[in-house]
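Participant: just need the structure, nothing else, for what follows:
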Amino acid sequence: MQLIDTHTHLDFPDFDADRSAVLARCRALGVEKLVVLGVYQANWQRLWDLVESEDGLYAAFGLHPIYLEQHHPEHLAELRAWLERLAGNRKLCAIGEFGLDWYVPELDHERQQALFEAQLKLAAEFELPALLHVRRAHAPTIATLKRYRLKRAGIVHAFAGSLEEAKEYLKLGFKLGLGGAATWPQANRLRKVVAQLPLEAMVLETDAPDMAPAMHPRQRNSPEYLAEICRGLAELRGVTPEELASASSCNACALFGWQ
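Facilitator: Modelled structure (predicted):
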């Protein structure tokens, strides 16, 4: 079973003690490619150094809404500079993680929206997929994406919306990132949605070190758990793990332009 983790934060300090061992276990379990996402300007260089040092790792750079207070106007200029410098580099695969988070009350909506749109413009300009964080903000996200109509679309990471919202994203060309959240029995609504999604909509992810699946509760999440997540989601969807792995990997490769 060949797998792609389309969303991980393997550069985070949580993995400093055993990153090489985690990667070795990933490869042994069939996780062949991993997308490592930047979330603020200060972690971009660390992230890039990591993906350059290891086969199968790919980078995305972005300004995440959760870190809104750490972002400064000059960081958008720096993001553009990174994208210009790495244009055409096979290790750069997307812009992200960025988007809208209306779950955290103290995060200013207007500032988030401005930052969201600025990064969508960069995604359009550089023709890179957008890897989106969307929490309690599907309506404004969908409305904004309808205005921008990205040529290469992207992924709505950790999708937990309704089936109707899923269909809106699919019309816009987006894939839906699915990970550990739907493996929890209490996630009834999400599990019902996952069971109805077309395979061509789905890509697998872990969001490690966050969002551990039900089979590893209260632990650091890890990309090595992707095969178990795949098995859990495949059962929900009514397909074999191999079918889901194949569909997800094909979807990811098509999106990122991988062979």
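Participant: which residues of this protein fall in strands?
Facilitator: Assigned by DSSP state E, the chain shows strands spanning 3-8, 31-37, 57-61, 92-101, 130-135, 154-157, 175-178, 202-204.
Participant: redo those as a markdown table? Include distance to residue 238.
Facilitator: Where you see a C-beta, it was placed from the backbone N, CA and C, and this is true even at glycine. Listed next are the strands of the chain as a markdown table, based on distance: least, Cβ to Cβ, whole Å:
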| stretch | distance to residue 238 |
| --- | --- |
| strand 3-8 | 19 |
| strand 31-37 | 23 |
| strand 57-61 | 31 |
| strand 92-101 | 30 |
| strand 130-135 | 26 |
| strand 154-157 | 22 |
| strand 175-178 | 15 |
| strand 202-204 | 13 |
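Participant: so which of those strands gets nearest residue 255?
Facilitator: strand 175-178 (6.1 Å; Cβ to Cβ).
Participant: for that closest one, which strands pair with it and how are they oriented?
Facilitator: Here strand 175-178 has these sheet partners by DSSP bridges: strand 154-157 (parallel), strand 202-204 (parallel).
Participant: tell me which stretches of the stretch 1-150 of the chain form helices.
Facilitator: In the stretch 1-150 of the chain, the helices defined using DSSP state H, counting those that start in this stretch lie at 19-28, 44-53, 73-86, 109-126, 138-148.
Participant: buried residues in the longest one, which are they?
Facilitator: Within helix 109-126, the residues scored as buried using 16 or more other Cβ atoms under 10 Å are 112-113, 115-116, 119-120, 122-124, 126.
Participant: hmm, back to that, looking at the strands paired with strand 175-178, which is buried most?
Facilitator: strand 154-157 (a mean of 28; mean count of other Cβ atoms under 10 Å).
Participant: got a list of contacts for it?
Facilitator: 6-7, 94, 96-97, 99, 123, 129-134, 141, 169, 174-177, 203, 205, 207, 255 (Cβ atoms under 8 Å, 6 or more residues apart in numbering).
Participant: and stretch 188-203, how far out from the chain's middle?
Facilitator: 16 Å (Cα atoms, centre = their mean, to the nearest Å).
Participant: so which of the strands of the chain gets nearest residue 233?
Facilitator: strand 175-178 (5.8 Å).
Participant: can I get the helices of the stretch 1-150 of the chain in JSON lines with mean pLDDT and distance to residue 249?
Facilitator: Shown next, in JSON lines, are the helices of the stretch 1-150 of the chain (pLDDT from 0 to 100; distance: least, Cβ to Cβ, whole Å):
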{"stretch": "helix 19-28", "mean pLDDT": "98", "distance to residue 249": "14"}
{"stretch": "helix 44-53", "mean pLDDT": "98", "distance to residue 249": "19"}
{"stretch": "helix 73-86", "mean pLDDT": "98", "distance to residue 249": "24"}
{"stretch": "helix 109-126", "mean pLDDT": "98", "distance to residue 249": "23"}
{"stretch": "helix 138-148", "mean pLDDT": "98", "distance to residue 249": "25"}
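Participant: between these, which gets nearest to residue 247?
Facilitator: helix 19-28 (19.8 Å).
Participant: and the angle for the closest one with strand 57-61?
Facilitator: 110 degrees (axes from the mean of the first three to the mean of the last three Cα atoms, to 10 degrees).
Participant: can you list the buried residues in helix 19-28?
Facilitator: 19, 22-23, 26.
Participant: ok, stretch 86-93 next?
Facilitator: So for stretch 86-93, counting by 16+ other Cβ under 10 Å, buried means 92-93.
Participant: got the CA positions of that stretch in PDB?
Facilitator: The C-alpha coordinates for stretch 86-93 follow below in PDB (Å, rounded to 0.1, in the frame of the first residue of the first chain):
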ATOM      1  CA  LEU A  86      12.100  28.400  -5.400                       C
ATOM      2  CA  ALA A  87       9.900  28.700  -8.500                       C
ATOM      3  CA  GLY A  88      10.300  25.400 -10.500                       C
ATOM      4  CA  ASN A  89      12.000  23.600  -7.600                       C
ATOM      5  CA  ARG A  90      10.500  20.100  -7.400                       C
ATOM      6  CA  LYS A  91      10.500  20.300  -3.600                       C
ATOM      7  CA  LEU A  92       8.200  23.300  -3.500                       C
ATOM      8  CA  CYS A  93       4.600  21.900  -4.100                       C
END
